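>>> Take a look and give me a structure for this.
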Amino acid sequence: MTSSQANPHRESVPSRAYPGLSSSEAAARLGQYGPNEPAPSKSGAALTELLLLFMNPLVIILLVAGLVSAFLGDVADAVIIIVIVLLSVVINFIQTYRSQQAIKRLRADVTPTATVLRDGSWQEIRRREVVPGDVVRIVAGDLIPADARILESKDLFVQQAALTGESLPVDKNGRQDGASASSNAPDASDLLFMGTSAVSGTATAVVLTTGPNTAFGAIAERLATRPPETEFEHSMKRFGFLIMRAVFFLVLFILVVRVALHKDAFESFVFAVALAVGLTPEFLPMITSVTLARGAVRMAREHVVVKHLPAIQDFGTIDILCSDKTGTLTAGEMVLSSSVDYLGQPSDRPLALAYLNSHFETGIRSALDAAILKAPRSDADVYVKLDEIPFDFDRRRLSIVVGRKREGNADGRMLITKGAPEGILDLSESYEHEGQRISFEPQVRQRSVETFRDLSARGFRVLGVAYRTVDVRNAYSVRDECSLVLAGYLAFADPPAPDAAASLLTLERDGVQLKILTGDNELVARHICDQVGLKDPGTVLGDELDRTSDPALQHLAEQATVFARVSPVQKHRIINALKHRGHVVGYMGDGINDAPSLHAADVGISVSSAVDVAREAADIILLKPGLAVLHKGITEGRKASANVLKYLLMGTSSNFGNMFSMAGASLFLPFLSHASDTDSLEQFPLRYRSDHNSLGQCGPGICPRSAPVGHDLDP
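Residues are numbered from 1 along each chain as shown. As a prediction, this is how the structure comes out:
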């Protein structure tokens, strides 16, 4: 179903000067179209969840046993069994419902938002409040809040894998050529769709359809009925079928053996059903839900939000945690340490240019930008922004085109680029020294490389800053990032978190191994690892991974601790390699490029300050970053799983032992009273009469039954 087919009240495409909606108009449209939820909750959802609880294999066994007991006339047992089942299911439902409501309240703190134009100004609102006609602003890292048509865009690339399955980002723009004007397919270049995410660039778009009327709505409605099974749910289902098979073969065994021994088949069947009921841990579903719900509440007190209950057990069984070093080993608070030239000498020029770049940037706001902008500079007011070449994870740089204000016009256009030092150096043909531009010679270029490598080895995050003058043009692109003049480097300090070393020791003691997957160079990663006590971590570079086969990577991933200069695709490979080796892998990330890894891991972990796409992909949300909070969450997850396991082992082992003992003993001991097994009181005198002729061979008092029975005999 296309977007146009879904909503007959589709908005027409406005002009580029579209002013957005007023608050009153937006409220009216929200009432008309409903919340912007691709699969809104249905009125019968609670009843559906209640009925699904009866589909548990253990519950089915008990219900069958109760019906059989009623059919055999044992009404009391049938009532007891059914009451226990109903009580278990009702308590399970109540606890699950309460926990889901609690989780919804907790998730309100990390709900996705959208930037919309309301009442003439840009506002941050909850995504569910977006309505058709809203003008939204999209930057790299944002989830597309609804189906929309692009008004303006700049180097916008969108990841549409959730909608089309295509793994590569798609170029989107505001050009309305013939194909896009008449097509509502996902490949239309000027359309954005809910469920996709911006990988790079910026855009302004007008919302066309929202909620279930979007192209993603039909898919989301099917998927939202039940989330994918976690390993815990899969294990519980396997256990339920194991019990079902055990019950079936136990009943069959008792029937076959007792009938072979000429026991009464009806009484044997009743006895087998009784054993089957005793074998089933009838309170397991209730115990599981109550335990996980209490675990979620305890984890919330430790600033850990669980998006769905079964993820708690997987969280507790993590034995390898993969994460970037920033915000995990470090405090995540960047501080500008120095601004230096190509030789490492103090220079204000790199900071002045980087400030203009960060000041006019509209894309991803990183901690490095925040550190640069903490030192305001008055000279930024004399410049005007003319264009922007947004950041992406392949180039690892961002460029701004600015010009000096001159009677309302821009003069002296300059392209300023900041990014990874290696990439900046490769694009630079000259360097700036005492205000002069000098062409690079091989030895000078090598000294420039040594400068930023020395800063990296001392633990600093390093940005390269370069510039060039450009011609007057309407728009600029990545092709203009060439023939740059290197201004120098900015060094940022991100000190280790105060509790990082202690948290690492605690995690290691509890059987959780940390692996660092970072895009930074290996020198910075090694320095931080040394500071927090990770000695001789074993470092693997991204280039080495490209030359490593998947089987070899499985062994390498277990041995190494630090993976530096790795791309999102390489992170995905590392996680899958560890999972193939039987590890339960958790991945902690908060950026755009972390979304594939969060999906690939057994447990995706993010923080409340992460970009939308990372929070949506995660199973666990940390309201406070850091290893200490994460360790508390893992501990609470283990407590919840341990409580379930305790009941499982205690109840099942006790039930199995008792029931199998009873089954074996029933073959030899008279548990069941029947004419074929024992003598009744009415039959006994007749049998004694038939055997009385032999009593003469017994002396007086030798036969114990002679005295009392003799009175019943004829004279």
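
>>> Next up, the contacts around the residue nearest the centre of the chain.
In the chain, the residue lying closest to the centroid (Cα atoms, centre = their mean) is Ala618, at 2.5 Å. Residues counted as contacts of Ala618 (Cβ atoms under 8 Å, 6 or more residues apart in numbering) are 307, 598, 604-606, 610. C-beta coordinates here come from the backbone N, C-alpha and C atoms, glycine included.

>>> model confidence over the helix or strand hosting Val524, on average?
In this structure, Val524 sits in helix 522-531 according to DSSP states H and E. Averaged over helix 522-531, pLDDT sits at 81.

>>> Provide the strand pairings for the following helix or strand past it, with the direction of each partner.
The helix or strand immediately downstream of helix 522-531 is strand 539-541, counting by DSSP H and E. Using DSSP bridges, strand 539-541 pairs in its sheet with strand 562-564 (parallel).

>>> Please point out which parts of the strand it pairs with sit buried.
562-564 (16 or more other Cβ atoms under 10 Å).

>>> Can you tell me which of the contacts of Ala618 is closest to Phe266?
Among the contacts of Ala618, Lys307 lies closest to Phe266 (Cβ to Cβ), at 52.2 Å.

>>> What number of neighbouring residues does the closest one come out with?
By the criterion of other Cβ atoms under 10 Å, Lys307 has 18 neighbours.

>>> just checking, what packs against the helix holding Val524?
Judged by 3 or more Cβ pairs under 8 Å, 6 or more residues apart in numbering; DSSP states H and E, helix 522-531 is in contact with helix 442-457, strand 539-541, strand 562-564.

>>> and whichever helix or strand comes after the first one, how far from the chain's centre?
This points to helix 442-457. Sequence-wise, the next helix or strand downstream of helix 442-457 (DSSP H and E) is strand 461-469. Averaging C-alpha positions (Cα atoms, centre = their mean, to the nearest Å) puts strand 461-469 36 Å from its chain's average.

>>> follow-up on the earlier one: single out the most deeply packed of the helices and strands packed on helix 522-531.
Across the helices and strands packed on helix 522-531, averaging neighbours per residue (mean count of other Cβ atoms under 10 Å) puts strand 562-564 on top, at a mean of 24.

>>> which residues touch that strand?
Under the contact criterion Cβ under 8 Å, 6+ apart, strand 562-564 has outside partners 515-522, 525-526, 529, 534, 537-542, 545, 570-571, 574.

>>> Also stretch 400-408?
Here stretch 400-408 has contacts from 356-357, 360-361, 382-389, 409-416, 470, 476, using Cβ under 8 Å, 6+ apart.

>>> and the angle for the helix holding Val524 with helix 442-457?
Orientation of helix 522-531 against helix 442-457 (axes from the mean of the first three to the mean of the last three Cα atoms, to 10 degrees) gives an angle of 30 degrees.

>>> quick check: angle from helix 522-531 to strand 461-469?
Using the same axes, to 10 degrees: helix 522-531 against strand 461-469 is 160 degrees.

>>> contacts for helix 522-531?
With Cβ under 8 Å, 6+ apart as the test, helix 522-531 has contacts from 325, 329-330, 453, 456-462, 494, 496, 516, 518, 535, 537, 539, 541, 561-562, 564-565.

>>> now stretch 598-608
Residues from elsewhere that reach stretch 598-608 (Cβ under 8 Å, 6+ apart): 109-110, 231, 305, 311, 314-315, 318, 322, 327, 572, 575-576, 579, 584-590, 594, 597, 614-615, 617-625, 630.

>>> So what would you say the end-to-end distance of it is?
15 Å (Cα to Cα, to the nearest Å).

>>> Can you get me the centre-to-centre distance for it and its chain?
4 Å.

>>> So how do I select the buried members of the contacts of stretch 400-408 in ChimeraX?
Buried residues among those (16+ other Cβ under 10 Å), as a ChimeraX selection:
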select :356,357,360,361,383,386,387,388,389,410,413,414,415,416,470,476
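
>>> Where strands are concerned, which of the contacts of stretch 400-408 count?
Counted as lying in strands by DSSP state E, out of those, are 383-389, 409-416.

>>> Lowest-confidence entry in these?
Minimum pLDDT for the ones in strands among the contacts of stretch 400-408 is recorded at Asn409 (53).

>>> Run through the helices of the stretch 101-250 of the chain in chain order.
Under the criterion DSSP state H, counting those that start in this stretch, the stretch 101-250 of the chain contains helices at 161-164, 178-182, 217-223, 231-260.

>>> Give the closest residue to Leu63 in space, chain neighbours not counted.
Of all residues not flanking Leu63 in the chain, Val85 sits nearest, at 6.0 Å (Cβ to Cβ, 6 or more residues apart in numbering).

>>> and Leu63, that's in a strand?
No: checked against DSSP: H, G, I helix; E, B strand; the rest coil, Leu63 lies outside a strand; its state is helix.

>>> Leu53 versus that one, what's the distance?
Going from Leu63 to Leu53 by Cβ to Cβ, to the nearest Å gives 12 Å.

>>> And Tyr342, by the same measure?
Per Cβ to Cβ, Tyr342 is found 68 Å from Leu53.

>>> following the helix or strand hosting Val290, which helix or strand comes up?
Taking DSSP H and E as the criterion, the element that holds Val290 is helix 284-301. Using DSSP H and E, the next helix or strand after helix 284-301 towards the C-terminus is strand 304-306.

>>> Report the mean confidence score over that following strand.
Computed over strand 304-306, the mean pLDDT rounds to 81.

>>> go on, stretch 585-602?
Stretch 585-602 comes out at a mean pLDDT of 81.

>>> rewinding a little: phi first, then psi, for the residue nearest to the centre of the chain.
Ala618 adopts backbone torsions of phi -80, psi 150, taken as degrees, to the nearest 10.

>>> Which element, helix or strand, includes Gly657?
helix 627-665.

>>> by contact count, what packs against that helix?
On a contact count with 3+ Cβ pairs under 8 Å, 6+ apart, helix 627-665 meets helix 231-260, helix 265-279, helix 284-301, strand 304-306, helix 311-316, helix 500-509, strand 620-622.
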